[in-house]
Every structure is written in C-alpha cells, then in structure tokens.
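**Student:** Here's my sequence, what's the structure:
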Amino acid sequence: MDALTPAQLTPEQIVARLDRHIVGQTRAKRSVAVAMRNRWRRRQLPEDLAQEVYPKNILLIGPTGVGKTEIARRLAELAGAPFLKVEASKYSEVGYHGRDVESMVRDLTEIAIRMVRVEKSREVREKADALVRERLLAALYEQHDLREEDDDPGLSNVHQEVQFVEDGGLWRPMIVERGEGEEPPAIGDEELAARRAERDAARAELMAKLDSGELDDAEFRIEVQDRSTPTLSVQGPQGTETMGIDAQALQEIWGRSPGQRTKTRRLTVKQARAILMEEESELLIDEDEVIHEAIERVENDGILFIDEIDKVVGAGGEGPDVSREGVQRDLLTVVEGCTVFTKYGFVRSHHILFVAAGAFHLHQPSELIPELQGRFPVRVALADLTEEDFVRILTEPDNSLTRQYRALLGTEDVELEFTKDGLATLASVAFKANKTTQNIGARRLMTVLERLLEEISYDAPNMGGQKIVIDGDFVTERLGDAADDPELIKYMI
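**Tutor:** As a prediction, the model looks like this:
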C-alpha cells in the first residue's frame, strides 16, 4: 500500500491510512475518502465534462476534540494537496472588520507556491550542490591564495612567471611577463612547475577537506545575496492584493528588490552552504513554472477547512450579530465559485474542496442561510468519544500521547511503562472530567497526562536509568481521591 501514489488510493485504502491517526468516526472518514477519490475520477473525464463536475463539499458536525480537524489535516497530507485551516469567526463583511473571505484563497495559493518550490528544489538539488561546491571552493581558494594565474581576466593574454636571476653571487626571484604564444624563458621553468604542483596539491587537499565535511566549522568570507534590503510597504485594509498593487514589482522598478545586491559575510562553511544552496536553487527553478503549477494545484486539488462555521450563524436576538449573515454571504461567493485576484494571478475557487466544521451547540446547521447550506451537500455527524475510545486513543494511533511521552522522557534515560489498568484509569478520569465540566473531547487526555507526569517531567534529569510504571494505583495516587469523585474532578482538571 505504501508504494501507491495518492491518486491511486481507493476509498478503502484512504480510510485505512486515516485509521493510523484517528480513532473511530468511520462515517466521516468514508465521506472524505470518497471526496478524495472523486478528485481522481474527475481527472479521468473529458475536459469539457470535468469542468462541470464540482466537488461535494462536506459539513462535519460534532463537539470539539472528536477529530474533525485531524481528519481534514491528515487527508490533505495523504493527498499531498495544498491545505489551509481557517476560522470562520475571523472573517467579516468587507469594510466592517476583520479579513475578507477571499483572503483564504490567497493564503492557500501561498501554501501551494511553497509546496511546489520545495519539490522543484529537490529536483535541482544535484545541480545546485555542484554549483554550491564550486562557489565554496572559489571563496576558499581566494582566502588561501590558491587561485589560478588565469583566474583574473586581465591576465588572459599576459602570463606571469617566476625567474631566478643571479645578483652579486645570490639568486633572487623576479616576476616577468610574457605574451600568449611566446615560449617561456628557460630560466625558472622547473621552479614555476614546482610552484604550480604545490598549489595544485594544496587545492586538492582543500577540496578533499571540503567534501569530507572537515571544514564545516571553519569560518571564511564569502559574497552572498543581500536579503536585508529595506522593503517597500504599501498596505491597505485587506492587503496589497486587493488594491491591485504588486509591492515587489515596484521595488524592482526602483532598483530596491532583494537579490540585486550582494554583500560579503563571514560565515562557517556549513552556514554558507545552506545559504548558497537556497540561492542556486532559486536560479535553477523556473518561477513562472512554479506559479503555473501552484495555481493549477489550488484550483483542482486545494482543500480549505473552515472551522467554527457555527459561529457565523446570526445571534437571533437583541443586540448586534457582528454582521454574521454578511459573512455567510461572502463565504457563499467563494464556496460556490469565484475568481480571486492574487499577486500571482487570478485563481478560480470553483473546484476547491471545502470542508466546514462546527460544534453547533447553540445553533443548528439549518440556521445557516439556505444558499450556503446547499453548497455543503455531504453532512456527517461525528459521535462523542466514549471511555473505550479514550483507551484506544492513548495507545493505537501512530502519534499516540503515550508514545510521545515515552519518547520525550526516553531522552533523559527514563523509561515509562503504561499498564492496562493504568490506561483504563486515565481514560476514566478524562471521561468523567468531560462529563462534569466542558466536553473538550480527546484534548482532555493531554490535560490529564500532563498533570499526571508533571513531577516526573520535572525530576527526569536526575532520574536517569529508572523505570516508572504507570498503573491504576499510580494514577489514583498522583491525581488523588478526585480521580474517583466527579464532584471534585472539575476543580482538579
């Protein structure tokens, strides 16, 4: 299964991948798996028909901490698609307060640009490595005075050689120049050849040390791009893109664009290699190709996760509702498909997959404006987590909390062992806390574990070589009698 590309994964295989990180919520996993597979299916259609097939946006309904965000995030990682999580509550109608909703598409485009640049950098890494090596060697030769005689363009037709001349019974060296094509003088030939051989040997030694990493911590001076050039700030309420202004283009016109100037810095070889690698990769990458591919990914594979969508439902009573219905109408424009202006060009949102989520404690999905409801045809209610789910969450996922804490304390040579009754007691405490206080789902486990292991984490540097067994008695002892008293749990956790 691991050899398959994201486009080849079937819904069943996608769910199996999600099961590695998320406990339960099978229906939600199946819904997002189908949505992801539909991306592949759409690409198999003729172009004219594919343009008419719109994504089936998903509305996830359930309390916090049950896996809504994690499902969307893991799906994006699995698909290798541009992914952005936003909170609906930070947007507002243009001109009122907050950001306009189109900025989420601009932010998603920025993420896609970075993704494609990283991939292109990997593709040109071998060429960039060779160029970086040449620049490092040239700077090191300069510092050690090991340059070739013809490195200086001014010496392309004139060559300097060392001759030894007898002067009052003593031999002294003298530099003479000869034109290209002239036969070298007989005097000094062997000495010149010896000097060149010595220089070549020193260069070869320096080259070997550079390749072996022996010089990584050595400092030297090298010329790099000056990235500290003052930038031009032209900022409107919603950013430069909404004003139709490209600030970087203005800087280039005025000769103030970063990258046009260089400066000499004193760096270690390791630091210089990282900086030069970035510079050379940028020169090898076709920026127009990056932009074109990134926009194509956003338009066809992008995923926008809109959290807290229930927070933009109108208050429905006295007092201001902070223009919440206006936010819904602006969201509708983007979700149903529009063209957004970005500094990289125009981006269409028609085929971006939107996954919205909300707890809907105080409101119902039916209270959203009808047009917006219609743009989220797939609705999934996520179930509350049970005490048994908490036990599974502590142990089954690849990134389970118990595995994380074992690894963290293992760095101090402290071994943690969680027994079955210890895990059951932890799950019971977290479950009771959620019932007694606010239900924050699986996030309660982190609160419980942090309190349970607080003293061990503090003393761990002095406990090297010890093994700590986390059983039921240990949990009860550390959390006190409140672990069995629902009336006291709410004050402890």
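**Student:** Describe which strands whichever strand or helix holds residue 86 pairs with in its sheet and in which direction.
**Tutor:** Element membership for residue 86, per DSSP states H and E: strand 83-87. Strand pairing for strand 83-87, determined by DSSP bridges: strand 303-307 (parallel).
**Student:** who's in contact with the partner strand?
**Tutor:** Contact with strand 303-307 is made by 68-69, 72-73, 75-76, 79, 81-88, 104-105, 108, 331, 352-358, as judged by C-beta atoms under 8 Å, 6 or more residues apart in numbering. Any C-beta I mention is one placed from the backbone N, CA and C, and that applies to glycine too.
**Student:** Just the buried ones from these, in ChimeraX syntax?
**Tutor:** To isolate the buried members of the contacts of strand 303-307 in ChimeraX, using 16 or more other C-beta atoms under 10 Å:
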select :68,69,72,73,75,76,79,81,82,83,84,85,86,88,104,105,108,331,352,353,354,355,356,357,358
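**Student:** Of the contacts of strand 303-307, which belong to helices?
**Tutor:** The helices, defined by DSSP state H, take in 68, 69, 72, 73, 75, 76, 79, 104, 105, 108, 331 from the contacts of strand 303-307.
**Student:** Ignoring the adjacent residues along the chain, who's closest to the fifth one?
**Tutor:** Put plainly, it is residue 75. Using C-beta to C-beta, 6 or more residues apart in numbering and skipping residues adjacent in sequence, the residue nearest residue 75 is residue 32, 5.0 Å away.
**Student:** quick one: contacts for that neighbour?
**Tutor:** Neighbour list for residue 32: 14, 18, 58, 71, 72, 75, 355 [criterion: C-beta under 8 Å, 6+ apart].
**Student:** Just the element for it, please.
**Tutor:** helix 26-43.
**Student:** In the stretch 201-350 of the chain, what residue spans correspond to strands?
**Tutor:** In the stretch 201-350 of the chain, the segments counted as strands under DSSP state E, counting those that start in this stretch are 219-225, 262-268, 303-307, 339-342, 345-348.
**Student:** so which of those strands comes closest to residue 62?
**Tutor:** Evaluated with C-beta to C-beta, the strands of the stretch 201-350 of the chain place strand 303-307 nearest to residue 62, the distance being 11.8 Å.
**Student:** quick check: angle from that closest one to helix 68-79?
**Tutor:** 170 degrees (axes from the mean of the first three to the mean of the last three C-alpha atoms, to 10 degrees).
**Student:** starting at the chain centroid, how far to the lengthiest helix in the chain?
**Tutor:** In the chain, taking DSSP H as the definition, the longest helix is helix 189-212. Distance of helix 189-212 from its chain centroid, counting by C-alpha atoms, centre = their mean, to the nearest Å, is 44 Å.
**Student:** Could you list every helix and strand in contact with it?
**Tutor:** For helix 189-212, the elements it packs on are helix 125-143, strand 158-167, judged by 3 or more C-beta pairs under 8 Å, 6 or more residues apart in numbering; DSSP states H and E.
**Student:** And the ones you listed, which one averages the lowest pLDDT?
**Tutor:** Mean pLDDT per stretch puts strand 158-167 lowest among the helices and strands packed on helix 189-212, at a mean of 55.
**Student:** ok, and for the strand or helix carrying residue 373, which residues are buried?
**Tutor:** According to DSSP H and E, residue 373 maps onto helix 370-374. By neighbour count on 16+ other C-beta under 10 Å, the buried set for helix 370-374 is 372, 373.
**Student:** Now do it: everything it contacts.
**Tutor:** Around helix 370-374, the neighbours that count as contacts under C-beta under 8 Å, 6+ apart are 328, 329, 331, 332, 335, 336, 365, 366.
**Student:** Where does the prediction get shaky in the chain?
**Tutor:** Flagging of the chain using pLDDT under 70 yields the residue ranges 1-7, 92-99, 146-189, 227-260, 314-324, 480-493.
**Student:** Tell me how it divides into domains.
**Tutor:** Domain assignment for the chain by automatic domain parsing gives 6-118+290-381, 125-226+261-284, 387-492.
**Student:** how close does residue 329 sit to residue 100?
**Tutor:** Applying C-beta to C-beta, to the nearest Å, the value for residue 329 to residue 100 is 12 Å.
**Student:** the more surrounded of the two?
**Tutor:** Between residue 329 and residue 100, residue 100 has the larger neighbour count (other C-beta atoms under 10 Å), namely 21 against 15.
**Student:** any idea how far residue 387 is from the residue nearest to residue 399 when sequence neighbours are not counted?
**Tutor:** Excluding its sequence neighbours, the residue lying closest to residue 399 (C-beta to C-beta, 6+ apart) is residue 21, at 6.2 Å. Computed as C-beta to C-beta, the residue 21 to residue 387 distance reads 20 Å.
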